[in-house]
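**Student:** any chance you can model this:
(chains A and B)
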Amino acid sequence: MKIDQDNLNSFIRGAAFLGTGGGGDPYVGKLMLKQVLSEGREINVIDPGDFPDDALAVNILTMGAPTVINEKIPSGAANVEALRQFEKELGRRVDAVMPIEAGGVNATMPLIVGALTGLPVIDADGMGRAFPELQMTTFNVAGLSSSPNIIADDKGSVLTVLTKDNVDAERYCRDICVRMGGAGQMACYPLSGREIREFAVLNTISLAVSIGDAIANARRRHSDVFEDLMGFLTSERTGRHARLLFDGKVTDILRETTGGFSVGTVQIDDLHGNGRMSVKFQNEYLLAETGGRLLAVVPDLICILDRETAEPITTENLRYGQRVKVVGISAPDIMRTERALKVFGPAGFGLKAEFVPVESVQS
Amino acid sequence: MTGKTARIGIDVGGTNTDAVLMMGVELLASIKKPTSSDIQTGVYAAAKAVMEQANIPVGQITDVMIGTTQFTNAFVERKRLTEIGVIRVALPATTSVRPYTDWPSDLLDVIGVNVHYVNGGHEFDGREIAPLDEDQIRKVAEDLKARGIREVAISGVFSPVNISAEERVAELVREVCPDMSVTLSNEIGRLGLIERENASCMNASLSRFAGDVLDGFRAALEELKIQAPLYISQNDGTIMNEEHVRRYPVLTFASGPTNSMRGAAYTTSHENAIVVDIGGTTTDIGILVNGFPRESSVPVDIGGVRTNFRMPDIISIGLGGGSIVRQREDGSVTIGPDSVGYQLTERALVFGGDTLTTTDIVVAAGRHQIGDPEKVKHLEKALIEATEAEIHRLIENAIDKVKTSKEDVPVILVGGGAILVSRPLSGASKVVIPENSGVANAIGAAKAQIGFEIDRIFSYEELGRDGALALAKDQSREGCRNSGADSATIDIIDVEELPLTYLPGGAVRVRVKAVGDLAK
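**Tutor:** Reported below is the predicted structural model:
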């Protein structure tokens, strides 16, 4: 598969969807991709099944605040620089790049590096959605190290962070990224083809494109966007469960800030007065409940979408009065193991709730 | 303030030009005329007409306020725009998204693609990304000069946090080309480099036209021997002086609806209400918060270009006094979105035309006497009832969409199409139709205040939340005073705090808006 001018918009909309409210608006990523494509470069996405067992891939991302990324847009050069340093540390060339997360602006970063270097991009990631921290990956759950963690800026500074523990890597890199002006370009998590097939969340780039296509095609045909979108999400192709959790209007948003996280709760009232849902968020949407009854909880995906257009709404863009539909989607099994839930399940976010798969909640 | 002000307020819309003369709080004269193709003549005629009607001599006029949609129209229609240059102050950062990456090509055919990058810009905490290279900037200025470019936009990374890089680049450019008209992005937009740069480029492309328009307004007033200062409405419901609008015409975008909303607030003394402005073709619905139009918090697309400068949050629906009514076979009714528009007095049934409009329905219902009621006597009761129900349903839906809380709120009806509403609206605690609702826009222009907004990043860890907010408010008050407001009247009307996510360190983006009465 290629990402090109024809499917770029679908990919970006799908990446915003998989961002589950966080991960930064991928609009700036779309502009970066537009520019590399207009320069005649190609973005080749390969299936993990076609990547040899002993071939080496690297995760590419931007760490930092979306506000900073939207203002001090990465040069692209620093991302390539981080990749080259990564190769030096390992003493070998990498054979492919891949996204660490499927949602938000980071879904786009490896595609840009792929275009600039000619390296293929592997259709898989480590989060299956967006998460706020470096250790919240299926690779970390599998006991794989993120080191060497390379973090580079546009001024030519390139730092290597070697840690035993991936949580430490997150802490050190986060501090460096503040020093770099609020955002740093990273290369980390060396993975072999075998490890990717075993431990990554597979085919999430193509999933993003398909989600975007489902929305775009429904709009073009003037058919019911949600019917088509839910039809796709529940189809066998995705291997997921999906549910329309709620339909209503945003009636309250409570926000607080703790340690750089946008934490809060959004309340959504049924348009006909039949009940209320609340969704807790910490950069991403984490837990949806109604009348004290859990409807969906992280790592399952909770997406809040405009109820007319199905355009994803980020936590930062939540506003009183928005008409929304809330969709819950099951995370793949690899993200629901006991070990995985400790890292990025309810407990990983300090939530008291037990994990309940979205498909087994009584409707 | 001492003494009474005598202000002329003129709102030049696409269809009508409305004008009022207000002495203090008293409305002395109001007129509504079709907008002339030559705006200068239109402003002249409008100002003359209200002075005559009010019988106020020229010497007593203290201020003239004009609202105009010309700049929006020029940009959307790609007319009267000039070729511009853009200087991005950012190297070594931001090269992965060049200026104009997402612009429509027909627009670039008009304004050109004269893009320059120079070293510099700032980090989120105000540090320099790189020092400016003055020779490099002079060379860019020479190049623009050689190509005959006279309007340039300068966009620096994090310029809303630290304006010094953009200002120094502007100085150097002016040293090389003293007659260069310069748009600084920090004076126009908010954080978000691309959207702010886009708005700055729009502004630069309009600035020569702005000069012509202002010269035209000035000439019209001089012809009337009006010496009073001239102010132009901007899209947050406040006004800017003549010199400011010559530099920042883009800030007038969407000032028509905001003038109506401010006029609605002023004439009803409702500070928090929903304003429904029903015209001939569309209805604009917005919300007043503390007397000012609520601003959109999401990027707004203008003429195919994404921007993030402040724009009012307004919903438009295709309902007006000229909207065409159609009945389906099952008896149900559709209204608009097409309208007979300015041809209402020819095409509507009550005026002897052949098209069924919403105006015909309210006349047939016996609610108003417009044209010849005999011509709609034949309309069936069921059709009339179904249409009136649909009119109210459309408005109620839109009201519900813009509401900010589930409590019922007052609804103010303005515009010529307000006659369409004949019963209580659900979601409205009451429905108010102000006196002179047809010229609320011109009243809004006449009574407008001076406003100023800051949008910066503050460190709550360093300053504390209280300290940071106090500093932000002071800066905002000072800006308002410097823009011409009377210190004693300055109020802070809006404070918004948005923490930078995924970043420790307590960096919070703070927006504070202050308004005050014009100083005398």
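
**Student:** what strands line up against the strand or helix carrying residue B:67, and which way round?
**Tutor:** Element membership of residue B:67 [criterion: DSSP states H and E] is strand B:63-68. Applying DSSP bridges to the sheet, strand B:63-68 is found paired with strand B:6-12 (parallel), strand B:230-233 (parallel).

**Student:** how far off strand B:6-12 does the helix or strand that the first one is followed by point, in degrees?
**Tutor:** Sequence-wise, the next helix or strand beyond strand B:6-12 is strand B:16-23, with elements assigned using DSSP H and E. Direction vectors for strand B:16-23 and strand B:6-12, defined by axes from the mean of the first three to the mean of the last three Cα atoms, to 10 degrees, enclose an angle of 170 degrees.

**Student:** packing partners for the next helix or strand after strand B:16-23?
**Tutor:** Sequence-wise, the next helix or strand downstream of strand B:16-23 (DSSP H and E) is strand B:26-34. Helices and strands touching strand B:26-34, by 3 or more Cβ pairs under 8 Å, 6 or more residues apart in numbering or on different chains; DSSP states H and E, are strand B:16-23, helix B:39-54. To be clear about C-beta, it is placed using only N, CA and C from the backbone, and glycine gets the same treatment.

**Student:** quick one: the shortest one to helix B:39-54, angle?
**Tutor:** Taking the same axes, to 10 degrees, one finds that strand B:16-23 is oriented at 40 degrees with respect to helix B:39-54.

**Student:** Three-state assignment for residue 280, please.
**Tutor:** Using chain A here. On the three-state scheme (DSSP: H, G, I helix; E, B strand; the rest coil), residue A:280 is labelled strand.

**Student:** now it. Nearest residue, chain neighbours left out?
**Tutor:** Distance criterion Cβ to Cβ, 6 or more residues apart in numbering or on different chains; nearest residue to residue A:280, sequence neighbours excluded, is residue A:287 at 4.4 Å.

**Student:** how many neighbours does residue A:52 have?
**Tutor:** 11 (other Cβ atoms under 10 Å in any protein chain shown).

**Student:** residue B:487 too?
**Tutor:** Applying other Cβ under 10 Å, we find 11 residues neighbouring residue B:487.

**Student:** show me what contacts residue B:276?
**Tutor:** Residues in contact with residue B:276 (Cβ atoms under 8 Å, 6 or more residues apart in numbering or on different chains) are B:283-285, B:395, B:398-399, B:411-415, B:418, B:421.

**Student:** now those residues in JSON lines, with pLDDT and secondary structure?
**Tutor:** Shown next, in JSON lines, are the contacts of residue B:276 (pLDDT from 0 to 100; DSSP: H, G, I helix; E, B strand; the rest coil):
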{"residue": "B:283", "pLDDT": "91", "secondary structure": "strand"}
{"residue": "B:284", "pLDDT": "91", "secondary structure": "strand"}
{"residue": "B:285", "pLDDT": "93", "secondary structure": "strand"}
{"residue": "B:395", "pLDDT": "94", "secondary structure": "helix"}
{"residue": "B:398", "pLDDT": "88", "secondary structure": "helix"}
{"residue": "B:399", "pLDDT": "89", "secondary structure": "helix"}
{"residue": "B:411", "pLDDT": "95", "secondary structure": "strand"}
{"residue": "B:412", "pLDDT": "95", "secondary structure": "strand"}
{"residue": "B:413", "pLDDT": "94", "secondary structure": "strand"}
{"residue": "B:414", "pLDDT": "92", "secondary structure": "strand"}
{"residue": "B:415", "pLDDT": "86", "secondary structure": "coil"}
{"residue": "B:418", "pLDDT": "88", "secondary structure": "helix"}
{"residue": "B:421", "pLDDT": "94", "secondary structure": "coil"}
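
**Student:** fine by me, we can end here.
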